[in-house]
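> Predicted model, plus sequence, below.
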Amino acid sequence: MKKFMTFPIAALLAVCIFSLAVPDAQADLAKPNVLFIAIDDLNDWIGVLGGHPQAETPNIDRLAERSVLFANTHCAAPACNPSRAALMTGIPPYESGVYNNPQPWRPALPDAVTIPQHFSANGYWSAGSGKIYHGAYPDPASWDAYYPDQLENKFPDPDPPKKNINGIGRGHFDWGPVVEPDAEMGDYKTATWISSQLSKSHDKPFFLACGIFRPHLPWYVPQKYFDQFPLDSIRLPKTLKNDLADVPPLGLKMATGGGDHAKVLEANQWKQGVQGYLASIAFADAQVGRVIDALDSGSHGKDTIIVLWTDHGWHLGEKEHWRKFALWHRATRTPLMISVPKGVKALPGGSLRNRQSQQPTSLLDIYPTLIELCGLPQREGLSGTSLMPLLRNPDAETGRAIVTTHGRNNHAIRDTRWRYIRYADGAEELYDHQADPNEWTNLAGDPSHAATVARLAQWLPKTNVPDAPRDPNK
């Protein structure tokens, strides 16, 4: 009897000693992996943000279910190049001078340390595929590896048999189906390469960037995605006749200077444009789903932080405007969600699931947040603020306001309720999102709101450096 009792006690002691000597790999993820998913030109037309009632994004939505969704996030600039340069360096346009697309950002910021560079310098393997930087200005210095190439970051896409499908004749401002299957699309190839990396063992923790190009123009995706949105069922965005009547001249120029909306109406292509955008979003969502499935089916699902972001918003006729390139809500609001697994040292319980924060946040916040989550050395000069307090408590209030810049001395300020815009000539706009979520009524000239204007104006940048040199070839 005595001998019988000894064995289980000894075995139990051995198990305890072994457990102490070899801790659970998930118990203390001091250096978690990072899956960094960027989607180009995607506004809030995803299910969880409700930007359009017909948007179909089941994969992005299921990622949101395991994330904290920052539902009031805004870009640093409503254009690809300045937004991405700011996000990746932590330096906003008014400090870098990179305000627009045809301004190479690396010559303007030769000493900037990008997010992947900081990870590589601290023991990570940093790699990626697809569009992370603006296509014209990749940054080989940022990466240990890039696919398909350090200089050609994006796979080419097939074109339809005949371009100018919509008859508008404005370059890549076009939409319609291609005959090739998903596997021939550039984003599919990017998702495939990223998925292959997620299925492998790596000698180092990884920072892996997946750049999805759609729904960037042209909206050419396989027919089946157009079929999801029959043309006769398409619902147009909410608009107001004469919405631009109370917009100052510089805002009016941003809205109508390109002439897109007039051309869309003339060609009777508004519904087709919305259909093309929805179809391209559905295609992009399918690629996100493939990547998330690859992560979850491999060995890295429990030790990888996921960050999904898009570079800015997009107009589809609101305020008689198409594309980004403006300072209104449609152009600056962007999805941002962060999923943190349990065991990350900085956030031991992981991020909360299926929670939203309504506090104003910026894409500039991603850099300092990842530094804190992954235990990297702090960096001086980053303009963003770590989102760790909101990852711990999405209901916390921060008292912040967010700056978006489009061209030198043109800024929008967004807090929990208000959007304030001041242009380079001093003209102003003010919108109350509590009463006017579509920004139809400019209150800037109403004396009863003078105190609100003055309060928000305090957030305007004190420095607006001159424009960085432009690319002579653009």
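Received, thanks. Numbers count the residues shown, from 1 in each chain.
> Find the residue closest to L250 in space, skipping its chain neighbours.
Y423 (4.1 Å; CB to CB, 6 or more residues apart in numbering). Just so you know, the C-beta spots here come from the backbone N, C-alpha and C atoms, and that holds for glycine as well.
> contacting residues around that neighbour?
248, 250-251, 409-410 (CB atoms under 8 Å, 6 or more residues apart in numbering).
> right, and F36 touches F206 too?
No: F36 lies out of contact with F206 (CB atoms under 8 Å); the separation is 9.9 Å.
> Next, the residue nearest in space to the middle of the chain: phi, psi?
The chain has T310 as the residue nearest its centroid, 1.9 Å off, counting by CA atoms, centre = their mean. When read as degrees, to the nearest 10, the backbone of T310 gives phi -130, psi 160.
> That one against D41, yeah?
Yes: between T310 and D41 there is a contact at 7.2 Å, judged by CB under 8 Å.
> What are the boundaries of the helices in the stretch 251-400 of the chain?
Secondary structure of the stretch 251-400 of the chain (DSSP state H, counting those that start in this stretch): helices at 260-266, 270-297, 329-332, 366-374, 388-392.
> List the buried residues of the last one.
If I follow you right, that is helix 388-392. 388, 390-391 (16 or more other CB atoms under 10 Å).
> Measure how buried the closest residue to I371 other than its chain neighbours is and give me the count.
Distance criterion CB to CB, 6+ apart; nearest residue to I371, sequence neighbours excluded, is Q378 at 6.3 Å. Counted with other CB atoms under 10 Å, residues neighbouring Q378 total 9.
> per-residue confidence for Q378?
With respect to pLDDT, Q378 scores 97.
> how far away is it from V340?
19 Å (CB to CB, to the nearest Å).
> now swap in K319 and tell me
37 Å.
> which residues does the residue nearest to the centre of the chain contact?
Here T310 is in contact with 38-43, 334-336 (CB under 8 Å, 6+ apart).
> what's the answer for D187, then?
D187 touches 130, 155, 157, 212-214, 283-284, 287, counting by CB under 8 Å, 6+ apart.
> Please apply the same query to K238.
318, 438.
> got the residue ranges for the strands in the stretch 301-450 of the chain?
Using DSSP state E, counting those that start in this stretch, the strands of the stretch 301-450 of the chain run over 304-310, 315-316, 322-323, 336-339, 355-357, 361-362, 402-405, 411-414, 418-422, 428-432.
> In TSV: these, plus mean pLDDT and distance to Y99.
What follows is the strands of the stretch 301-450 of the chain, written out as TSV (pLDDT from 0 to 100; distance: least, CB to CB, whole Å):
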stretch	mean pLDDT	distance to Y99
strand 304-310	98	20
strand 315-316	98	19
strand 322-323	98	16
strand 336-339	98	22
strand 355-357	97	28
strand 361-362	98	16
strand 402-405	98	7
strand 411-414	98	11
strand 418-422	98	15
strand 428-432	98	19
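> Out of those strands, which gets nearest to A191?
Distance to A191, taken as CB to CB, is lowest for strand 304-310 among those, at 13.3 Å.
> If you count neighbours, what's buried in the closest one?
Quick answer for strand 304-310 (16+ other CB under 10 Å): 304-310.
> nearest to A262, of those residues?
For the buried residues of strand 304-310, the nearest to A262 is T310 (27.0 Å; CB to CB).
> For the closest one, which non-adjacent residue is closest in space?
T310's closest residue in space is L42 (CB to CB, 6+ apart), at 4.1 Å.
> A64 now?
Nearest non-adjacent residue to A64 (CB to CB, 6+ apart): V48, at 4.4 Å.
> Pull out the buried positions in stretch 417-430.
Those buried within stretch 417-430 under the rule 16+ other CB under 10 Å are 418-423, 427-430.
> same question, stretch 335-355
335-341, 343-344, 346-347, 350-352, 355.
> which pair in the residues you listed spans the largest distance?
So, those by CB to CB: farthest apart are P335 and G343, at 25.9 Å.
> residues in contact with Y124?
31, 34, 116, 204-207.
> Show the buried residues in those.
Looks like the contacts of Y124 have 31, 34, 116, 205-207 buried, using 16+ other CB under 10 Å.
> circling back: quick one, which of the strands of the stretch 301-450 of the chain gets closest to Y188.
Short answer: strand 304-310, nearest of the strands of the stretch 301-450 of the chain by CB to CB, at 17.9 Å.
> Name the strands paired with the closest one and say parallel or antiparallel.
strand 33-39 (parallel), strand 336-339 (antiparallel) (DSSP bridges).
> hmm, back to that, dump the strands of the stretch 301-450 of the chain into TSV; add distance to G97 as well.
Compiled in TSV, those are given as follows (distance: least, CB to CB, whole Å):
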stretch	distance to G97
strand 304-310	23
strand 315-316	26
strand 322-323	23
strand 336-339	25
strand 355-357	31
strand 361-362	19
strand 402-405	11
strand 411-414	15
strand 418-422	19
strand 428-432	24
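> outside of the host helix or strand of L69, which residues touch it?
Using DSSP states H and E, L69 falls within strand 68-70. Contacting residues not belonging to strand 68-70 are listed as 48-49, 335-339, 351-352, 355-357, 359, 361, 387, 390-391, 394 [CB under 8 Å, 6+ apart].
> 6 Å instead?
48, 336-338, 351-352, 355-357, 361, 391, 394 (CB atoms under 6 Å, 6 or more residues apart in numbering).
> Return the member of the residues you listed nearest to G90.
T361 (14.3 Å).
> Can you give me the neighbour number for that closest one?
25.
> What of A262?
11.
> re the thing from before, filter the contacts of D187 down to the buried ones and express that as a ChimeraX selection.
Selecting only the buried entries of these in ChimeraX, with 16+ other CB under 10 Å as the criterion:
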select :130,155,157,212,213,214,283,284,287
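> Including pLDDT and distance to G259, could the contacts of D187 go into JSON lines?
Listed next are the contacts of D187 as JSON lines, based on pLDDT from 0 to 100; distance: CB to CB, whole Å:
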{"residue": "G130", "pLDDT": "98", "distance to G259": "31"}
{"residue": "F155", "pLDDT": "97", "distance to G259": "32"}
{"residue": "D157", "pLDDT": "98", "distance to G259": "26"}
{"residue": "I212", "pLDDT": "98", "distance to G259": "29"}
{"residue": "F213", "pLDDT": "98", "distance to G259": "25"}
{"residue": "R214", "pLDDT": "98", "distance to G259": "24"}
{"residue": "F283", "pLDDT": "99", "distance to G259": "28"}
{"residue": "A284", "pLDDT": "98", "distance to G259": "27"}
{"residue": "Q287", "pLDDT": "98", "distance to G259": "32"}
